[in-house]
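In: Okay, sequence plus prediction incoming.
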Amino acid sequence: MPLSRAALPAAALRGFARKHADFRVWPRRRVPRHDGGWGLHLKAGGSIGVRVCGAKDVAGSRGPIGACSACMRILLFFVMLPCTFAIACAKSEKSSESAPAASAPVVNAPADQAALDNAKAAASKLGGATRTRLMETMTRGGFKEGVEVCSVEAQDIARKVREETGARVGRSSNRLRNSKNAPPSWVADWLKTQGERKAQGVAVMSQVVDTPQGRVARFIKPIEIEAPCLGCHGDPASIQTDVKAILAEKYPGDQATGYSLGDLRGALWAEVDVKAAQ
């Protein structure tokens, strides 16, 4: 099969040679060939000539090496393909050497663990202090007094824990009673994932993450509805009239009723900067 002008244009050979190798390729001149094709003359460094056709030129002479169309294809394969492969490899190595290595985040395992421990301790301290105060008050004055503690003292208890531990702490829920307990986004995501369900099987969350503000340790502990909670958070029909009145007064937008024993009420959460724990 003759090597046609469309299959092997001289301009393409010249462009390839100039770009990828120390060859100069140009049409010497068109010559009549035994297969009706046309010929090129390749020189390397001006010393070796190769005529890639097998016909005599117009003067009757044959080039230093003659070849038919099939030979020409073999020549191109063994000369140009290795050159292309070598150049591609060289460029790949150069690109790999010049590309800067991605910097891995610096992890200080002892500092991470210390921050996690502080976050867990802060959440536990908030939950324990709030529960203790509520139980003391309800034992003495009933559920109505308990509502007063939640509306007035609970925020003071959280503020005291923040000051003592250096952690950001709080209580929150999918169904808020006090808008001041609105969760940060990461706690809201956790609450949304849990949804409305029983607290049984809900595990604590403990993790260290990198944020735009720095590396932080986060801890979440689920809050379960227990029997004493139902006096203020249970079925509205079963809540005492005076308790419902004070809830309506203190929390006009209250959403935190209708729970049953064992339901997931919400979460205690704490967040600590890792650098503060080093």
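Out: Arrived safely. Keep in mind that this is a model prediction, so the values were computed, not measured. Residues are numbered from 1 along each chain as shown.
In: residue boundaries of the helices in the stretch 101-250 of the chain?
Out: 109-148, 154-165, 185-194, 230-233, 241-250 (DSSP state H, counting those that start in this stretch).
In: Could you export the ones you listed to TSV, including columns for distance to residue 205?
Out: Any C-beta I mention is one placed from the backbone N, CA and C, and that applies to glycine too. Output for the helices of the stretch 101-250 of the chain, formatted as TSV (distance: least, Cβ to Cβ, whole Å):
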stretch	distance to residue 205
helix 109-148	10
helix 154-165	18
helix 185-194	6
helix 230-233	23
helix 241-250	30
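In: Most tightly packed of those helices?
Out: Mean neighbour count (mean count of other Cβ atoms under 10 Å) peaks for helix 230-233 among the helices of the stretch 101-250 of the chain, with a mean of 20.
In: Against residue 268, how distant is the nearest residue to residue 122 once chain neighbours are set aside?
Out: Closest residue to residue 122 apart from its sequence neighbours, by Cβ to Cβ, 6 or more residues apart in numbering: residue 167 at 3.6 Å. Counting by Cβ to Cβ, to the nearest Å, the gap from residue 167 to residue 268 is 11 Å.
In: rewinding a little: so how many other residues sit close to the residue nearest to residue 122?
Out: The local packing of residue 167 (other Cβ atoms under 10 Å) involves 27 other residues.
In: Was I right to think it contacts residue 119?
Out: Yes: the pair residue 167 / residue 119 is scored as a contact, 5.9 Å apart, by Cβ atoms under 8 Å.
In: Next up, the contacts around the residue nearest to residue 122.
Out: Going by Cβ atoms under 8 Å, 6 or more residues apart in numbering, residue 167 touches 118-119, 122-123, 161, 270-272.
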